[in-house]
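**Q** Structure for this input, please:
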Amino acid sequence: MKDSVERHFNQPLGGNEMPRFGGPATMMRLPTQKSAEGLDACFLGIPMDIGASNRAGTRFGPRQIRAESCMIRPFNMGTGAQPFQRMQVADIGDVAINTFNLKATCDIIADFLDGVLDHDAVPLILGGDHTLTYPVLRSVARKHGPVALVHVDAHADISESMFGEKIAHGTPFRRAYDDNLIIPEKTFQIGLRGSGYSPDDFNWSRSKGFEVVQAEECWHRSLTPLMERVRRKIGSSPTYISYDIDSLDPAFAPGTGTVEIGGLTTIQALEIIRGCRGLNIIGGDLVEVSPPYDTSGNTALIGANLLYEMLCILPKSCE
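**A** Sure thing, here's the model as predicted:
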């Protein structure tokens with residue numbers, strides 16, 4: 001029975017079949033295909049940094065996340081999840097963005113995601129700067145209607161504009177709210193911190209019904225109780241996870257564009273994602289990995305592991 005299951009579902013290339021420094025440069029060394037047809041979930045890259053305001057380099061994020069993912073094995077020893085025994089998963093490559101036109105790129109991303117969702121596959125996205133979440137949510141909302149949101153980040157990303165532009169990596173959740181893509185009372189922003197221009201940097205979210213959990217509320221604590229509250233409040237609503245790697249303290253993840261001290265730990269990151277198990281997760285992203293500032297590769301390695309953890313909590317993985 002086990003052999004028949006393994007023959008039916010794609011499996012990551014094992015470390016005893018090919019050394020982990022060899023083999024295909026795909027997410028977890030999975031097979032590739034050109035579309036999401038026949039898949040329950042798919043990994044895809046959006047290699048962009050044209051929406052970034054400080055340090056560039058996230059255009060190289062998907063490639064580096066894939067490279068570091070070669071060390072991830074298929075069985076989750078912490079949770080017991082076996083996603084590749086229950087789901088058909090593949091890496092469907094990268095979105096061919098327009099490097100010179102951010103607004104056109106948003107349309108390209110939304111159209112690409114429409115194709116993924118037409119096949120009822122759950123997209124797990126390797127970023128790329130955080131601008132990408134706005135067009136992804138546009139597509140997701142066309143499929144599912146407004147969604148609940150678990151947004152983990154050092155920054156609220158709710159600016160009205162940046163240098164006069166409505167679309168950038170500091171505006172996606174303002175645009176998502178304006179366009180009715182998310183359910184405000186089921187939107188959680190976790191890990192926000194740092195300096196700002198005024199209290200409105202976080203209070204705008206609160207005024208719209210988002211629940212804001214600043215990093216100071218997370219210090220020296222398990223986030224398991226927080227996630228119990230998140231699950232109760234979200235219930236059965238379709239839910240999207242957007243995870244900015246800069247939510248983590250720079251001691252763990254220095255390779256990102258807008259670093260803030262006093263961040264979350266990798267243990268808390270696992271508690272957040274594993275705490276989403278039981279929710280109706282319909283997509284997720286891991287953004288803002290910038291390899292030029294990630295000399296050890298650890299930031300990308302963490303990103304790869306968090307994407308794997310998202311795969312492990314998808315509804316079909318938990319059946």
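**Q** Between the two ends of stretch 69-77, how far is it?
**A** Start-to-end span of stretch 69-77 (Cα to Cα, to the nearest Å) is 16 Å.
**Q** That stretch: which residues count as buried?
**A** Neighbour counts using 16 or more other Cβ atoms under 10 Å place 69-70, 72, 74, 76 of stretch 69-77 among the buried residues. Backbone N, C-alpha and C define where each C-beta goes, glycine included.
**Q** Check stretch 75-85 too.
**A** Buried residues in stretch 75-85, counted by 16+ other Cβ under 10 Å: 76, 81, 83-84.
**Q** Between its first and last residues, how far does stretch 112-132 reach?
**A** Note: stretch 112-132 ends 12 Å apart using Cα to Cα.
**Q** Any idea how far that stretch is from the middle of the chain?
**A** In terms of Cα atoms, centre = their mean, to the nearest Å, the centre of stretch 112-132 is set 10 Å apart from its chain centre.
**Q** Now do the helices in the chain.
**A** Along the chain, counting by DSSP state H, helices occupy 2-8, 61-68, 102-118, 133-144, 172-178, 200-207, 224-234, 266-274, 298-312.
**Q** ranking the ones you listed by mean pLDDT, which is last?
**A** For those, mean pLDDT drops lowest on helix 2-8, to a mean of 51.
**Q** residues near residue 309, how many?
**A** For residue 309, the neighbour count with other Cβ atoms under 10 Å is 25.
**Q** right, I mislabeled it, should have said residue 251
**A** Neighbour count of residue 251, defined by other Cβ under 10 Å: 10.
**Q** do residue 185 as well
**A** Counted with other Cβ under 10 Å, the neighbours of residue 185 add up to 12.
**Q** Surely it is in contact with residue 209?
**A** Yes: assessed by Cβ atoms under 8 Å, residue 185 is found in contact with residue 209 at 4.5 Å.
**Q** that older thread, closest to residue 146 among the buried residues of stretch 75-85?
**A** Relative to residue 146, the closest of the buried residues of stretch 75-85 is residue 83; by Cβ to Cβ it sits at 27.2 Å.
**Q** Enumerate every residue touching the closest one.
**A** By Cβ atoms under 8 Å, 6 or more residues apart in numbering, the contact list for residue 83 reads 41, 74, 76, 89, 311-312, 314, 317.
**Q** which non-adjacent residue is nearest residue 87?
**A** Leaving out its chain neighbours, the residue that sits closest to residue 87 by Cβ to Cβ, 6 or more residues apart in numbering is residue 40, at 3.9 Å.
**Q** and that neighbour, how many neighbours?
**A** By the measure other Cβ under 10 Å, the count of residues near residue 40 is 21.
**Q** Also residue 282?
**A** Around residue 282 there are 21 residues (other Cβ under 10 Å).
**Q** if I look at it, how far off is residue 141?
**A** According to Cβ to Cβ, to the nearest Å, residue 282 and residue 141 sit 10 Å apart.
**Q** okay, and the common contacts of those two?
**A** Taking Cβ under 8 Å, 6+ apart as the criterion, residue 282 and residue 141 both touch residue 147.
**Q** before we move on, back to that, show me which of the contacts of residue 83 has the smallest pLDDT value.
**A** Lowest pLDDT among the contacts of residue 83: residue 317, with 90.
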